[in-house]
Every structure is written in structure tokens, then in C-alpha cells.
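Asks: Quick one, what's the 3D model for this:
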Amino acid sequence: MSGKGKVLVAMSGGIDSTVTALMLHHEGYEVVGITMKTWDYATSTNSSKETGCCNVDSFNDARQAAVHHGFPHFILDIREEFGDFVIENFVDEYLAGRTPNPCVMCNTHIKWRALLKRANALGCDFIATGHYANIVAADNGRYTISKGPDEMKDQSYVLWGLDQELLSRTIMPLGKYRKTEIRQMALDFGYPELAKKSESYEICFVPDNDYRGFLKRRVEGLEERVAGGWFVDKTGKKLGQHKGYPFYTIGQRKGLDIALGKPAYVTAIDPDTNTVVLGDEADLEQSTMLVTKINWMKYDGITNGMEAITKIRYKDKGALSNLYTADNGVKVQFYEKVKSIAPGQSAVMYEGDEVIGGGVIQWGSLS
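Replies: The predicted structure is shown next:
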């Protein structure tokens, strides 16, 4: 047994998770690699080309790295759990007129729990991932996520759902580094091809990046069921027919296939009436939102009026806000209006670089 402990490393076959495993191995941890099979590629796209992390080549890359460096590697099949929760949630959210964030749901409810279960079975002290974020032990005894130095790669936003037990058992060694440094490490470890490997930003079960096509294939008769709905303006005036409310998202401007003589944006979606509201860019600006399904990290709650920087999407820089307790969540009041608050997306509240907590956006409004 290593003096540093035994760690189960999630290995996708990509550069980040491979370097994570090799770093910990060379630091003296007893490493066990594990690759999770989350979905059946053939059911997800019409394309014959496999892309992303969940394919046979990626599995082989992960296994070869483990074998080369002399530590064990396993493949864990979690397709049933993943499909039951992540994919069904993804479909249900779009059918409810919301915009889901499947990576957050997967991290929160599936991947980490699957890792911890297997880590316990294998006698591992820790689990480790290749995320660009840091885990901080606060003075109050709680654990929180903190941003890393590489702003373009920071992944703290998608990790808001991890509870205290999961955080206390997790190592994220890449959080101190920039992507350029990780690419150099891959070269230093003798993996020049890995250092040049392109990254995948698609949803893993929608590798062709066509979520509309995925919904059509997943829900029999969906296209016919939702066809013929109306685009309306904010007064309810009909502007023209659309292809079905699940195929639009808040803030969308391109691909509306309607000519109004000026740019139009999706500002609201009503699944009950199959209507999509169009408006000007200014109509996307809102100052208040309700966030539910809260997971607190740095503190076990908030005081009314607490100040925070709140992010409403992954690449959002965040906006200054005050937080107020609500009956079923947290009301966020922004100092200045923010654009395109989308129900179903995640809201993450920060104090400096550290995550206070996060949740799921239910609605946004002007007041």
C-alpha cells in the first residue's frame, strides 16, 4: 500500500484524465484506472463516425496508458443508470420547455456515485478526475470547489452538485494548472499524440451536436406531435408557425426560419400551448430569478441579502447579485440586468473564486 493512499482515477482516454492518472502514479499514489461506459453510441446519432470520449478507441487509449505504467484498469458499464436518469431527464426537460444541463446532472447523480461505490469496493481512499477545479477545505470544516487559474478551462460551474461526502473523497490534481501546462506534461510523459488530441465539447450522447435530431429519434412521433405551433410576440400576437417548442431555446436567434424585418430572439417557451415567444434582444434582459434544488458547499446556507457573483451558464463571467432565501429555493437579485436566463440551466453562486452553492434555474423576471 502506498503511503499516500489508493486512488481510483476516472480515465476517459483523453489528455486530462490520462495526465491525472500519471501525475498521481508518479507522486506515489497507488492508482487504479476506471473507464465508464455511459451510453450506446449506435442509438445516439445517424452518423457512422464515432467522436467524443465514449468510444472503443478512447477505452483502448485509457487501458494502454494504465498497462504501460503498471497499474490496473477496469471498464465500468453504467449505461442503465445513465440512461434512466441523465438521458430521461434531458428529454423530459426539453419537453417541459426548459434547457437542461446533462453534464451537471451526470456529475451530481451518476458518475461520482458510481466512482465512489467502486472505490469503496476496491478499497480506495480517494477518487480522482481530470477536472480543472480545486477542492478546498474551509475553516468551518466544509469542503467547496474553487476555480483554477485557467479561466478558459475552469470547470467549477459544472461541479456545483457534489455533496460534502463526495468532495471529501475527491482529488482534482489539474486544478492548479493551465491547459498548456497539461499538454506539456503529456509530452514529458511520452504521449505526443495525446498532447495534440482535439477536445470534444459536445454532449457525450449527442456527439453530432444535434439535440433536435436526438429528441426526434428518442421520442416516437415527437415531430408530428409538436408541429404547427405558433411564434408569438410578447402581446400574444401570432407571427408565424414554428417546428415545435422543444426545438428552441431561450436566447436563440439563428435557425428560427421566420422573417420579421429585424433580429428576433426566443424570449419564452410555453409547452402547454406549444407557443414560442419572440422579442428584441432587450427583452432577454432580466434582473431576478428563482433557483431550486440547491446544494450548498462553502456554507450550509445563506443569510438574506448575502452578496455573490452568480453565473447562469458555463461560459458566463458571472454578475454581482444578492441572495435571498425562498420557500423552495433561493431568489437571486442581480445588481444589473443579465441576458438569457434559461429555466433548466444551472445557476452557481461564488464568493471570490469559491463556490457557495448552486441549483437549477426555475424562472427569471424583471422584478
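
Asks: Assign the spatially closest residue to residue 163 that is not a sequence neighbour to helix, strand or coil.
Replies: Leaving aside its sequence neighbours, residue 163 sits nearest to residue 295 (CB to CB, 6 or more residues apart in numbering; 6.4 Å). C-beta: built from backbone N, CA, C; applies to glycine. For residue 295, the secondary structure call by DSSP: H, G, I helix; E, B strand; the rest coil comes out as strand.

Asks: can you pull the contacts of residue 295?
Replies: Contact analysis of residue 295 by CB atoms under 8 Å, 6 or more residues apart in numbering lists 108, 160, 161, 162, 163, 357, 358, 359.

Asks: for this protein, what spans make up the helices?
Replies: Taking DSSP state H as the test, the helices found in the chain are 15-27, 56-69, 79-82, 88-95, 102-106, 112-121, 164-168, 179-188, 192-196, 211-218, 222-226.

Asks: What residue spans form the domains of the chain?
Replies: Domain assignment for the chain by automatic domain parsing gives 6-130+172-196, 226-279, 284-365.

Asks: Any figure for the gap between the residue with the shortest distance to the centre of the chain and residue 144?
Replies: Note on the chain: the residue nearest the mean C-alpha position is residue 103, at 3.2 Å, using CA atoms, centre = their mean. The spacing between residue 103 and residue 144, counted by CB to CB, to the nearest Å, is 19 Å.

Asks: And for residue 170?
Replies: In terms of CB to CB, residue 170 sits 12 Å off from residue 144.

Asks: what do these two both touch?
Replies: Between them, residue 170 and residue 144 share these contacting residues under CB under 8 Å, 6+ apart: residue 135.

Asks: Between these two, which has more neighbouring residues?
Replies: residue 144 (26 against 23; other CB atoms under 10 Å).

Asks: Contacts only, for the more buried one.
Replies: 135, 136, 138, 167, 297, 298, 354, 355, 356.

Asks: do the same with residue 97
Replies: 245, 246, 269, 270, 271, 343.

Asks: On the pLDDT front, check the residue nearest to the last one when sequence neighbours are not counted for me.
Replies: Counting by CB to CB, 6+ apart, residue 98 is the residue found nearest to residue 343 once chain neighbours are left out, at 4.5 Å. Residue 98 is assigned 94 on the pLDDT scale.

Asks: next one: phi and psi at the closest residue to residue 313 other than its chain neighbours?
Replies: Once flanking residues are discounted, residue 313 sits nearest to residue 345: 6.0 Å by CB to CB, 6+ apart. Torsion angles at residue 345 (phi, psi; degrees, to the nearest 10) stand at phi -80, psi 170.

Asks: correct me, but residue 345 touches residue 315?
Replies: No. Counting by CB atoms under 8 Å, residue 345 does not reach residue 315; the two are 11.8 Å apart.

Asks: Check the gap between residue 222 and residue 244 for me.
Replies: Taken as CB to CB, the span from residue 222 to residue 244 is 7 Å.

Asks: Please apply the same query to residue 262.
Replies: For residue 262, the distance to residue 244 - CB to CB - is 24 Å.

Asks: quick one: which of the domains of the chain is nearest residue 212?
Replies: Closest approach to residue 212 among these is made by domain 226-279 (4.7 Å; CB to CB).

Asks: how far out from the middle of the chain is the closest one?
Replies: What separates the centre of domain 226-279 from the centre of its chain is 26 Å, taken as CA atoms, centre = their mean, to the nearest Å.

Asks: and what of stretch 175-183?
Replies: So, by CA atoms, centre = their mean, the centroid of stretch 175-183 is 20 Å from its chain's centroid.

Asks: from now on call the first residue 258
Replies: All set: I'll call the first residue 258, so the last point we hit is now stretch 432-440.

Asks: what's the span of it, first residue to last?
Replies: 14 Å (CA to CA, to the nearest Å).

Asks: Check stretch 332-343 too.
Replies: End-to-end distance (CA to CA), stretch 332-343: 20 Å.

Asks: same thing with stretch 562-575?
Replies: End-to-end for stretch 562-575, by CA to CA: 17 Å.

Asks: And stretch 281-288, by the same measure?
Replies: Per CA to CA, stretch 281-288 runs 7 Å from first to last residue.
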